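Visitor: next input, structure requested:
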Amino acid sequence: MININKIRPSMAVVCLNNLPFGIVDRVEGHAEIRLKKDKYGHFHYIPLSWVIRVDDAIHINKPCDQIKRDWFMEPGNAPSAPVAPPVPSAKIRQNGTAFGSEFYSEPSQANTLGVDRKRYYCIAR
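Guide: Below you'll find the predicted structure:
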C-alpha cells in the first residue's frame, strides 16, 4: 500500500507508459486524488487504488487512454478504502486438468478476495 503522505500538490501523475496526464491538486480523504483543472475547467478524480508507486511523480497502473475513460468528475465515487486486486492462488486441478488462474483452491480464500462464491463452486465441481 502506498503512503498518501508522500503525495503533494503539483506532483505529476503519470500513466503505465510513463506519460504525464495530470497534476495533483490535492488528496480527497483517504480514497482519491483530485487533479488540477483541465483546459475546459473540470477537475478529475482518480482512486488511490490505481496508484502503484510514489516517487518524484505518482505512477498509475493503467495506460493514459484507459485512465481518461475511467476517471470521474465528482468526488466520492472512489471506493472508501484502496483495494488491491486479488492475487490468484494455485489453480484448481481435477483429473489433471488446470482451470484458469482466476479461480481459487479454497472457498474461504475465494470469499476473502472477493471472488463470486457461485462461480467458484460451478467451476470446482
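Visitor: next, count neighbours for Lys39.
Guide: Other residues near Lys39 come to 5 when the count uses other CB atoms under 10 Å. Glycine gets a C-beta too; all of them are placed from N, C-alpha and C.
Visitor: got the confidence number for it?
Guide: pLDDT recorded at Lys39 is 91.
Visitor: can you check Val87 too?
Guide: pLDDT, Val87: 46.
Visitor: next: the one 3 residues further on.
Guide: At Ala90, the pLDDT value in this model is 45.
Visitor: also Glu74?
Guide: According to the per-residue confidence, Glu74 scores 84 in pLDDT.
Visitor: mind checking how far it is from His44?
Guide: To His44, Glu74 is 10 Å away according to CB to CB, to the nearest Å.
Visitor: neighbour count: these two, which is higher?
Guide: Using other CB under 10 Å as the criterion, Glu74 and His44 rank with His44 on top: 20 against 8.
Visitor: that one and Gly22 touch, don't they?
Guide: Yes - with contact defined as CB atoms under 8 Å, His44 reaches Gly22; the gap is 6.7 Å.
Visitor: quick check: neighbours shared by those two?
Guide: Common contact partners of His44 and Gly22 (CB atoms under 8 Å, 6 or more residues apart in numbering): Leu35.
Visitor: what's the domain layout of this structure?
Guide: 4-70, 93-124 (automatic domain parsing).
Visitor: worst mean pLDDT among the ones you listed?
Guide: Of all the domains of the chain, the minimum mean pLDDT falls on domain 93-124 (a mean of 45).
Visitor: how about the strands in the protein?
Guide: Counting by DSSP state E, the chain has strands at residues 12-14, 20-28, 32-35, 44-47, 51-54, 57-60, 93-94, 97-98.
Visitor: can you say which of the ones you listed is nearest to Ile4?
Guide: Of all the strands of the chain, strand 20-28 sits nearest to Ile4, with 5.7 Å by CB to CB.
Visitor: mind listing what's buried along that closest one?
Guide: Neighbour-count burial for strand 20-28, counted by 16 or more other CB atoms under 10 Å, picks out 21-22, 24-25, 27-28.
Visitor: alright, calling it a day.
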